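A.B. asks: mind looking at a prediction? Sequence and model below.
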Amino acid sequence: MLYERPKTLQDAVGMLAETRGKAFVLAGGTDLLVRMKSDEFDANLIVDIKSIEGMSEIVETDGAFVIGAAVCCAALGEHEALRDAWPGVVEAANLIGSTQIQGRCTIAGNLCNASPAADSVPALVAAGARAKIVGPDGTRTVDVQEIPLGPGKTSLKAGELVQSIDLPKPAPRSADAYLRFIPRTEMDIAVVGVAVNLTLDADGTVASARVALGAVAPTVVLSEAAAGTLLGTRLEDEALDALAAACSAASNPIDDKRGTIEFRKHVAGVLGRRAARMAYDRAGGA
Amino acid sequence: MSAIAVSTTINGDDVEFLCQPDETLLDVLRNRLGLLGSKEGCGTGDCGACSTVMDGRVVCSCLVLGAEAEGHTIETIEGMAQGKDLHPLQRKFIEHAALQCGICTPGFLVTAKALLEVNPDPTEEEIRFWLAGNLCRCTGYDKIVRAVQDAAREMRGEVA
């Protein structure tokens, strides 16, 4: 196995495209190094992207926050403007692992690891985040939900890597929230996670909504039905009841040691209701 | 596999070493540099016994490749005491009997020191969340938390 630390994106793409056999991109390494220690792990090449210029920076442009693929999640929590703009994305990213993991793990890695239970992914999807991908055929930008295809599988082609995650600047009177259920208080994998992103009209009615569910299907679920229950409402009890029912209905979970199908579907509704209320309050709704 | 030459700074000293591409920083510290204070508990980033500080952030050295240390600054438990003068956290861990077998202790000390550098007056809850990635299987956490609180008080210049 070779370890390479390219200085440019072009070099990184070249190395990934030209290698024979399996190649892996190394950003924070908190998933990859665990996999490397397994007997089944087989790789010819590890491409460490942390020395590429801009990869470890958050750049605020007029319209977006451009988060380099190697920015650790702790740095998201330390970025005041990002925290103010996307509190749900930041709280989701900061729920991953421990202090030690936070200092290394990245949202691009969380996305490309393609775990159904990834905490930051529902929040990124609800926020309308886009992933900038660079590869042998140039650069393309996709909605983040197009990258995970199923547990451990992504739509990235040979030689491609995520360069940045781009979060749009939110519209006025907008806010997001992310909640997950775990049986302990920290350091665990989501049994269910729900992200809600709302934009309100001047009178406090919901003008647009996005609701994304994690750990209840092979990939994150962006539910238009759940979002639709909130449109035109001020989160009255009937609207929240309809949201909870829609979140439960949109869930297609598995039974495992962390939760049954019945439990997960129920909790998706409970968390949807609470996350919607949090997002609404943050957006200035009364 | 061919060895990789790495230049880094460890506890203030310039250090050069050779390592294999799949060798972790923890293995380099222990097996090549003789720095045996960082422990291997789980090897998968769950227990925190291998906690070290890299460019000011606490990391699990079992989840960092030795090669990734190139050009970075590493601090380990060996750099915590100044000669024979223990760091306040080290003294308070002893005073509060916040250890039994000691395997987790270097990781707790390194992680707690990093906390007090960013937050000199943490609440008990903040201490417990910050240390959630450090597992202790014998003393339990209450004595550890009290030792950290006591050290923080002393480091803030308050009478303990």
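C.D. replies: Good, I have the coordinates. Residues are numbered from 1 along each chain as shown, chains lettered A, B, ... in the order given.

A.B. asks: from the centroid of chain A, which residue is nearest?
C.D. replies: Per CA atoms, centre = their mean, the C-alpha nearest to the average position across chain A is that of residue A:121, at 1.9 Å.

A.B. asks: any idea how far chain B is from that one?
C.D. replies: Using CB to the nearest CB, to the nearest Å, one obtains 20 Å as the distance from residue A:121 to chain B. From N, CA and C alone the C-beta is placed, and that goes for glycine too.

A.B. asks: the closest residue in space to that residue that isn't next to it in sequence: neighbour count?
C.D. replies: Distance criterion CB to CB, 6 or more residues apart in numbering or on different chains; nearest residue to residue A:121, sequence neighbours excluded, is residue A:220 at 5.1 Å. If you count neighbours by other CB atoms under 10 Å in any protein chain shown, residue A:220 ends up with 26.

A.B. asks: can you give me the helices for the chain?
C.D. replies: In the absence of a named chain, chain A is used. Secondary structure of chain A by DSSP state H: the helices cover A:9-18, A:32-36, A:73-77, A:80-85, A:87-93, A:99-102, A:107-112, A:120-126, A:224-228, A:237-250, A:261-282.

A.B. asks: wait, chain B was what I had in mind.
C.D. replies: B:25-27, B:88-95, B:105-118, B:124-130, B:142-155.

A.B. asks: most tightly surrounded among these?
C.D. replies: helix B:25-27 (a mean of 25; mean count of other CB atoms under 10 Å in any protein chain shown).

A.B. asks: just to revisit the earlier point, can you redo the helices of chain B as JSON lines with mean pLDDT and distance to residue A:10?
C.D. replies: JSON lines is the format used below for the helices of chain B (pLDDT from 0 to 100; distance: least, CB to CB, whole Å):
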{"stretch": "helix B:25-27", "mean pLDDT": "98", "distance to residue A:10": "28"}
{"stretch": "helix B:88-95", "mean pLDDT": "98", "distance to residue A:10": "46"}
{"stretch": "helix B:105-118", "mean pLDDT": "98", "distance to residue A:10": "36"}
{"stretch": "helix B:124-130", "mean pLDDT": "97", "distance to residue A:10": "40"}
{"stretch": "helix B:142-155", "mean pLDDT": "98", "distance to residue A:10": "47"}
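
A.B. asks: follow-up on the earlier one: ok, now which ones touch the residue nearest to the centre of chain A?
C.D. replies: A:110-111, A:144-145, A:148, A:212, A:214, A:220 (CB atoms under 8 Å, 6 or more residues apart in numbering or on different chains).

A.B. asks: so which of those residues are in strands?
C.D. replies: Secondary structure assignment (DSSP state E) places A:148, A:212, A:214 from the contacts of residue A:121 within strands.

A.B. asks: tell me how far the nearest residue to residue B:116 once chain neighbours are set aside lies from chain A.
C.D. replies: Computed as CB to CB, 6+ apart, the closest residue to residue B:116 that is not its neighbour in sequence is residue B:152, at 5.5 Å. Separation of residue B:152 from chain A (CB to the nearest CB): 16 Å.

A.B. asks: if we can go back for a sec, so what's the residue nearest to residue A:121 up against?
C.D. replies: Residues in contact with residue A:220 (CB under 8 Å, 6+ apart) are A:116, A:118, A:121-122, A:125, A:145, A:148, A:212-214.

A.B. asks: tell me the domain ranges of chain B?
C.D. replies: Per automatic domain parsing, the domain ranges recorded for chain B read B:4-77, B:88-155.

A.B. asks: enumerate every residue touching residue 48.
C.D. replies: Since you didn't name a chain, this refers to chain A. Residue A:48 touches A:3-6, A:26, B:65, B:67-68, counting by CB under 8 Å, 6+ apart.

A.B. asks: try chain B instead
C.D. replies: A:98, A:100, B:41, B:60, B:104, B:107-108, B:111, B:131, B:133-135.
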